[in-house]
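Participant: Got a predicted structure plus its sequence, pasted below:
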Amino acid sequence: MERLQKVLAQANIASRRKSEELIVAGKVKVNGQVITELGFKVNKNDNIEVDGKPIKLAEHLYFLLNKPTGYLSTASDDKGRRTVMDLLTEEHKEYRLYPVGRLDYDTAGLLLMTNDGEFTQHLTHPSFHIEKEYLVRVKGIIVRKKIVELRNGVTIDNNYHAKPKAVRLIELDKKNQSTLLSITLIEGKNKQVRKMIEALGFKVKNLTRIRYDFLNLEGVERGRYRPLKIHEVKQLHAHSISKI
Ligand code: URA
């Protein structure tokens, strides 16, 4: 059982607050009866109408997960390793969610999860140049000349010229002999950041995705997730369609 305003918001009728306004204004019927009580609970079999039109219950869910390292970005694993599915609540496990793209087992950070195939297809389409920003802790000191080399692009996978959208030096830690970089990519080849750093002659110590287009990890602890807001889903959708 869910609160009526939550169900309306999940069905993309309006935001939670606007849905409450619709209820209070007497525009919502449940099984033929006008409901103006905000706490009213409904279940999947209830017939809900807004302004006389039946609503289609949300089958599509969209989440922003802060993935910890040590989890696979797959729905299941035949070797029994932990997957991002293990981070979902029992209720959400029923919705056949899966990750939009991938983060390596050893990579942490922002991963979108959904059960909307069309949305996933758009976002992962190669011509959709979505920015993904990574914080990369590299073993060793990367000198300026090497950063320029990385900015100009390096060769990975034998002959692919991988050129980042941006590279920023954040910290040179001489004491611990490591360098912290921010790398922004608009493509997503398999293990691209690790391969680029290796092509430069270094090794990645830690890798975290901190941004996906306009979305960041603010307010979402490692291992936790939050639903995307309606306007966030719409904005991602609009971006992807306009760029294909
Ligand atoms: N690049 C990588 O090397 N690994 C990831 O998980 C994401 C980008």
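Facilitator: Structure received.
Participant: Give me the residues contacting the helix or strand harbouring H122.
Facilitator: Secondary structure from DSSP states H and E places H122 in helix 117-124. Outside of helix 117-124, the residues within contact range by CB atoms under 8 Å, 6 or more residues apart in numbering are 60, 62, 98, 100-101, 112, 114, 128, 130, 188, 233, 236-237, 240-241, 244. All C-beta atoms are positioned from the backbone trio N, CA, C, and that covers glycine.
Participant: who does the biggest strand by length in the chain pair up with?
Facilitator: Identified as the longest strand of the chain according to DSSP state E is strand 203-212. Partners of strand 203-212 in the sheet, by DSSP bridges, are strand 107-114 (parallel), strand 132-139 (antiparallel), strand 215-216 (antiparallel).
Participant: least trustworthy helix or strand in this protein by mean pLDDT?
Facilitator: Lowest on mean pLDDT, DSSP states H and E among the helices and strands of the chain sits helix 230-243, with a mean of 81.
Participant: deepest of the strands paired with strand 203-212, which one?
Facilitator: strand 107-114 (a mean of 23; mean count of other CB atoms under 10 Å).
Participant: What's opposite the spatially most central residue of the chain in the beta bridge?
Facilitator: Nearest to the mean C-alpha position of the chain, counting by CA atoms, centre = their mean, stands L112 at 2.2 Å. Beta-bridge pairing for L112 (DSSP bridges): L64.
Participant: if I read this right, it contacts R102, doesn't it?
Facilitator: No. Using CB atoms under 8 Å, L112 is not in contact with R102, being 11.0 Å away.
Participant: The chain - how does it break down into domains?
Facilitator: The record assigns the chain these domain ranges, following automatic domain parsing: 2-54, 62-127+219-243, 132-212.
Participant: Start and end of the shortest one, how far apart?
Facilitator: Yep, that's domain 2-54 we're talking about. 17 Å (CA to CA, to the nearest Å).
Participant: Within range of the ligand, give me the residues from the chain.
Facilitator: Applying CB under 6 Å from any ligand atom, we find that the chain lies next to the ligand at 103-104, 107, 191-194, 207.
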